[in-house]
Each structure stands twice: as structure tokens, then as C-alpha cells.
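1. Dropping a prediction and its sequence here:
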Amino acid sequence: MQLIEFLNQRQNIEKTRNFNVFQNYSLDELKIVFDHIKSTPLAKSHKPIRISVVGTNGKGSTSHYLACLFSSLGYKVGLYTSPHLLSPLERFQIVEKGIPSLPSVELVNHCFQSYFLSDEKRYQSLSYFEFLTLFTYRFFGEQNTDVEIWEAGLGGRLDATKLVEADYVVLTKIGLDHSEILGNTKEAICQEKLGIIGGQCLALFALDEEVDSLPIPFENRPFAQKTKLHRILTSPKESYLEKNFEYAKEIITIIQPESRGRLVPTTFSEIERPKGRMEVLSNSPPVVFDPSHNPDAILTTTLEFSKSHPKFHLLLGSLPDKDLAGILAVLPDSSLESLCLWEGSGFGKFPPPKDNLRSKTFHLQTEGELVPFFQGRIPVLVLGSFRLYGIVANLIQNTINM
């Protein structure tokens, strides 16, 4: 059996969206298995710098820039992220010399078959995300990483990545998302995210504006007396990616002050952009993809895109558990040539948009209906879900070959 086959047999909440499983969830069972992994000679001898990245918006790009910048200093970095665009191998990349790369199938299956498969029953009850987190912990150890960046999944306090016991925690922007699990206010969500802090954590990093707007969760964070809070002030940027790049750079210079002289001159354009974040999928017409999927993120992304593209088609598809009405409410309708609401299999059905958008709104359910938007000259911005990436990338390729 290979890793991907084993993963596909696990319960995958990202696909089922069955968040009821979290009502009585604890990390106790997973911790037993993690402790087994940590008791091995490899785990005891492998002592990288581990960083947990939690938040609502910007986790993926901040994690990417932390990994790339650390690797530009000569470190071998393990980067754990979720979800993936096309392949599960994207979730645990090795980053060297500023470049992330997918692990080879051979290396991955060797790790799985030589260590996990012979003890398969021990892991049978674990979910997709739980097992992949556990597997990656072992895989990074075998790869002898110097630094590891662990992007959390939904939360923090009950997130599987909490069990890697990070030395540092990085908090990105907080927004209202997964409220049924994490809480109905930004304060509650922030408190839940900060629950990832463990007794071994040396410092917490947060954007200055987040600390100012949510003071109580920071004051009440776990191990507050031991875990120093670093407030990072970043200057306004045209791109949210550039802001997260600057955030990551400042964090590293605090963790390793001796690196400041080498990192400060590094510019945003020198570091490869993260896949799937404001990624240009086509130039004719311009088609840009971003996974923004809650009102705050979608507002930021559409306003950013409109600065360079005064008129554009917006292709928007969101999963059923998202705030679909809230997303529609923040759209900058004056910039939209049309609003294409993708409601194909597995995606949510949007409510009617606000009155001034209705005349230019299309509800689409088949891939064939999307093709004309990629054959014109008007730019297309694609938002709402990682699941749209493969659909759009495939359609663009087919359209080019027509």
C-alpha cells in the first residue's frame, strides 16, 4: 500500500464538511500516537526550530514566506500546509535556497512503508489530517530539516499541529470563518487560535493591529507569563502577499537577530510567490486565482485586483458552510463586468446578490458554461475555494488547445 491510498481511506472532513465531529473532539487519542513517534531515536535526536502559523487569513502565504526566507539563509526547511491544489504532496514540501519542492513519490512511500505500514492498526482511527500531520512529523525528521513551518488547519487549541509542540507561534489576521466550530466573534476565534500555544513556546508573534483590536485574547493567552508577545508593525502594501512577506521577514530577524543584515535587503520580488495565491493562470485574457473564502479576505483581494484591473469578471465558488451572503455583500460591484457564481457539484448555492449586481450575475453549474469567460479579453479573477483551482486550470489548458 502507498501513502495516498492509505490517506484516501481516512475520514476527510475537508471533503465531507461534517464539522459535527468536533463537538466532543479532543487531541487525547492523537497525542498517544504522537508520543509513540516522539519516543523513537530519530525524533529524540531531531531538534529543528518549529514554528506554528495560525489565523484566519494569510496563514498559507505567511508560512510560505517564512519557509522561503529561512531557506535563503541556508537552512533546510520543512513546510506543512493545507489544503492542497492538485496533489497531497503539496502539503509537506522541502524548501531549500528559497525554492519549495514537492517530495518525490519514492521518498514518501519509502517513509510510509518502512515505518507506518507494518504498524498500520495503530493509525487506523486517525483522520486524513491527523495522520498526514503525524506522517509529516516523521518525514521531516527523516529529511533532517533545520526549520519546520506548520500551518494549522481550522483552529489552534484542538488542531493536530499543536502536537508538534512549536517553539514559536505566529498569528495572522483573524476573521469570521468556521464560526460553528471556533466561535461567533473575532475575540472567541482569536482565543481558540491562540490555544495552540504550549508550555514549550518561547514567543508569540502578532500583527500590531490585531493586538490592538483584540486585546483580551492576547492578555488571556496560554502561558502568557512565559511566552513573550512580539507586536509586529508592517507598513501598508499594495499586495497582501507583500505585507505577509514583510511580516515573515521581521519575525525571522527577531528569532535570529544575526540574520537581519542578510534579510533586510531581500525584496518581495526576489522570493517565489506561493502557488495558488494571486497566481496568474493565463495572460490572455488575464486569469488570476486566489483561495480567499470569507468576506474579509474576498474584500481585500477584489479591491487589490481592481487597482490594476478597473473592470473584470469575478468567478466565485464557495463551499456550502461559508458565509455566502456575507461574501456577496462586500463585492465592489462598480468594478465587476459580471459576477459568475459557480454552483457546481459540492459547492454552495448563493442567495440573490444585492440589487445593483443582479443584472450582471450568472449562476453556473457546468464547466462548459465557463469557457466563454476564458476566451475574451476581459480579466477574470477566480475566488472562493481551493477546489476551483483544478477546474479552472484544466479549462484554461483546454481552451488554449482548442
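-> Looks like it came in fine.

2. any idea how this protein splits into domains?
-> Under the assignment automatic domain parsing, the domains of the chain span 3-270, 279-400.

3. Now do the same contact list for T227.
-> V169, I197, C201, L202, A203, L204, R221 (CB atoms under 8 Å, 6 or more residues apart in numbering). Heads up, the C-betas are built off the backbone N, CA and C, glycines and all.

4. Next one: it from A206, what distance?
-> 11 Å (CB to CB, to the nearest Å).

5. which residues of the stretch 201-350 of the chain score low on pLDDT?
-> In the prediction, the stretch 201-350 of the chain carries no residues with pLDDT under 70.

6. That one: strands as residue ranges?
-> All strands of the stretch 201-350 of the chain, identified by DSSP state E, counting those that start in this stretch, fall at 203-207, 228-232, 279-283, 286-289, 312-316, 336-342.

7. Pairing partners for the fifth one, with directions?
-> Taking DSSP bridges as the criterion, strand 312-316 forms sheet pairs with strand 336-342 (parallel), strand 380-383 (parallel).

8. packing partners for the very next helix or strand once past the first one?
-> Following the chain from strand 336-342 toward its C-terminal end, the next helix or strand by DSSP states H and E is helix 355-358. For helix 355-358, the contact count by 3 or more CB pairs under 8 Å, 6 or more residues apart in numbering; DSSP states H and E identifies no helix or strand as a packing neighbour.

9. Following the chain past helix 355-358, name the next helix or strand.
-> Defined by DSSP H and E, the subsequent element after helix 355-358 is strand 361-364.

10. number of nearby residues for the closest residue to H36 other than its chain neighbours?
-> Distances taken as CB to CB, 6 or more residues apart in numbering place R122 nearest to H36, at 7.2 Å, with adjacent residues excluded. R122 sits with 14 neighbouring residues when counted by other CB atoms under 10 Å.

11. related to what we said a few turns ago, quick one: closest of the strands paired with strand 312-316 to G276.
-> strand 380-383 (10.2 Å; CB to CB).

12. and that closest one, average pLDDT?
-> Across strand 380-383, pLDDT averages out at 97.

13. Which residues does it contact?
-> For strand 380-383, using CB under 8 Å, 6+ apart, the contacting residues are 281, 285-293, 298, 301-302, 305, 309, 312-316, 373-374, 388-389, 392.

14. mind checking how far that strand is from the chain centre?
-> 18 Å (CA atoms, centre = their mean, to the nearest Å).

15. how far does stretch 116-123 stretch from start to finish?
-> End-to-end span of stretch 116-123 (CA to CA, to the nearest Å): 8 Å.

16. if I look at the residue most central in space within the chain, how far off is Q365?
-> Using CA atoms, centre = their mean, the residue of the chain that lies closest to the mean C-alpha position is G60, 3.4 Å off. Distance of G60 to Q365, given as CB to CB: 28 Å.

17. for the stretch 201-350 of the chain, what spans make up the helices?
-> 208-213, 215-219, 240-255, 260-263, 295-308, 324-329 (DSSP state H, counting those that start in this stretch).

18. Who are the packing partners of the second one?
-> Under the contact definition 3+ CB pairs under 8 Å, 6+ apart, helix 215-219 sits against helix 186-194.

19. so the helix it packs on versus helix 295-308, what angle?
-> Computed with axes from the mean of the first three to the mean of the last three CA atoms, to 10 degrees, the direction of helix 186-194 lies at 100 degrees from that of helix 295-308.

20. ok, now how distant is L204 from V169?
-> Distance from L204 to V169, by CB to CB: 5 Å.

21. oh sorry, the question was meant for P257
-> Applying CB to CB to P257 and V169 gives a distance of 19 Å.

22. who has more neighbours, those two?
-> V169 (28 against 9).

23. Just the buried residues of the helix or strand encompassing the more buried one, please?
-> Secondary structure from DSSP H and E places V169 in strand 168-171. Across strand 168-171, burial judged by 16 or more other CB atoms under 10 Å covers Y168, V169, V170, L171.

24. that older thread, out of the strands paired with strand 312-316, which gets nearest to V53?
-> Nearest of the strands paired with strand 312-316 (CB to CB): strand 380-383, 21.6 Å.

25. Now the closest one - C-alpha only, PDB.
-> Presented in PDB, the C-alpha positions along strand 380-383 are these (Å, rounded to 0.1, in the frame of the first residue of the first chain):
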ATOM      1  CA  VAL A 380     -11.000  37.200 -14.800                       C
ATOM      2  CA  LEU A 381     -10.500  36.900 -11.000                       C
ATOM      3  CA  VAL A 382     -11.200  33.500  -9.500                       C
ATOM      4  CA  LEU A 383     -12.000  33.300  -5.800                       C
END
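
26. What is the burial count for the closest residue in space to T302 that isn't next to it in sequence?
-> In space, and not counting its chain neighbours, T302 is closest to P332: 5.5 Å by CB to CB, 6+ apart. Neighbours of P332 under the rule other CB under 10 Å: 12.

27. how close does P332 sit to R377?
-> Distance of P332 to R377, computed by CB to CB: 21 Å.

28. Equivalent analysis for S259, please.
-> Distance from S259 to R377, by CB to CB: 45 Å.

29. Please say which of those two ends up with more neighbours.
-> S259 (19 against 7).

30. and I197, what is it in contact with?
-> G156, V169, L204, R221, P222, F223, T227.

31. try 6 Å
-> I197 makes contact with V169, R221, P222, F223, T227 under the criterion CB atoms under 6 Å, 6 or more residues apart in numbering.

32. can I get the residues you listed in JSON lines with distance to K38?
-> Output for those, formatted as JSON lines (distance: CB to CB, whole Å):
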{"residue": "V169", "distance to K38": "19"}
{"residue": "R221", "distance to K38": "25"}
{"residue": "P222", "distance to K38": "20"}
{"residue": "F223", "distance to K38": "20"}
{"residue": "T227", "distance to K38": "21"}
